[in-house]
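Student: Have a look at this fold, sequence not included:
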């Protein structure tokens, strides 16, 4: 009973944090996590969430012209704290679940990419996909290569993620990523071809919040294709 109660508390906490992350409320999320960890027993699931919030807050500051120069110390500290958490989770591979390890590895690859640690970022992205081949790890590898300004390799990863996607929204997300990446390389012909494929997937997809967000992203990048209401 105690174990189930603890698991329920952790699940509710994770749901709350997901909402905060969607609204980019990273500072609030970090504070809530720290308060939780002081009062409750340490949970790997919550620690992984802390790493997520730390590195996303660092990325938010780093890509914001207003804060990128004035908050350098905080940015670097958040990245390093997130790295320590992820490394500790990975070392516990025999005493934590696979999801925690997978997320920790993905976060490390993305942090290393943003930190300019190119070799480590590529190694983690590739080895994570090799040990956990899926749409998710391929799509995250594409994101890593985009952060490293290697659009051509990102295209390869997006193609693989499309092949492996089992759900419509996952395939749609990867398809849009592929179209946008072709556009970044200046290959407008292939960009439009892939964008039109994304439109076909949109028409076949279930209408929900995620679909609407993806549609907004698609037409923001390809406004000339026209816009249909969902």
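Tutor: That came through fine. Values in this document were obtained by computation on a predicted structure and should not be read as measured data. Numbers count the residues shown, from 1 in each chain.
Student: List the buried residues of stretch 53-64.
Tutor: By neighbour count with 16 or more other C-beta atoms under 10 Å, stretch 53-64 contains the buried residues 53, 54, 55, 56, 57, 58, 59, 60, 61, 62. C-beta here means a position set from N, CA and C on the backbone, and glycine is covered the same way.
Student: now, which of these lie within strands?
Tutor: In strands, judged by DSSP state E, none of the buried residues of stretch 53-64 are found.
Student: Turn those into TSV, including pLDDT and distance to residue 194.
Tutor: Output for these, formatted as TSV (pLDDT from 0 to 100; distance: C-beta to C-beta, whole Å):
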residue	pLDDT	distance to residue 194
53	96	32
54	97	34
55	95	29
56	95	27
57	96	32
58	95	31
59	94	26
60	94	28
61	94	32
62	92	29
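Student: what would the residues you listed look like in TSV with distance to residue 28?
Tutor: Listed next are these as TSV, based on distance: C-beta to C-beta, whole Å:
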residue	distance to residue 28
53	9
54	13
55	16
56	12
57	10
58	16
59	17
60	13
61	15
62	19
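Student: Remind me which helix or strand residue 29 belongs to.
Tutor: Secondary structure from DSSP states H and E places residue 29 in helix 26-39.
Student: Show the low-confidence segments of this structure, by residue range.
Tutor: For the chain, the stretches with pLDDT under 70 are 1-7, 226-230.
Student: And the residue nearest the centre of it?
Tutor: residue 140 (6.3 Å; C-alpha atoms, centre = their mean).
Student: where's it relative to residue 27, distance?
Tutor: 24 Å (C-beta to C-beta, to the nearest Å).
Student: cool, and residue 118?
Tutor: In terms of C-beta to C-beta, residue 118 sits 29 Å off from residue 27.
Student: residues in contact with residue 118?
Tutor: Listed by C-beta atoms under 8 Å, 6 or more residues apart in numbering, the contact partners of residue 118 are 112, 148.
Student: Against which helices or strands is the helix or strand containing residue 156 packed?
Tutor: Under the criterion of DSSP H and E, residue 156 resides in helix 151-164. Contact here means 3 or more C-beta pairs under 8 Å, 6 or more residues apart in numbering; DSSP states H and E; on that basis helix 151-164 packs against helix 135-147, helix 168-185.
Student: So which elements touch the first one?
Tutor: By that I understand helix 135-147. helix 98-114, helix 118-131, helix 151-164, helix 168-185.
Student: now the angle from the helix or strand that the longest one is followed by to helix 151-164?
Tutor: Taking DSSP H and E as the definition, the helix or strand that follows helix 168-185 towards the C-terminus is helix 188-204. Angle, helix 188-204 to helix 151-164, by axes from the mean of the first three to the mean of the last three C-alpha atoms, to 10 degrees: 30 degrees.
Student: The helices and strands packed on helix 151-164 into a markdown table, with extra columns for distance to residue 49?
Tutor: Below are the helices and strands packed on helix 151-164 laid out as a markdown table (distance: least, C-beta to C-beta, whole Å):
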| stretch | distance to residue 49 |
| --- | --- |
| helix 135-147 | 17 |
| helix 168-185 | 22 |
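Student: Thanks a lot, see you next time.
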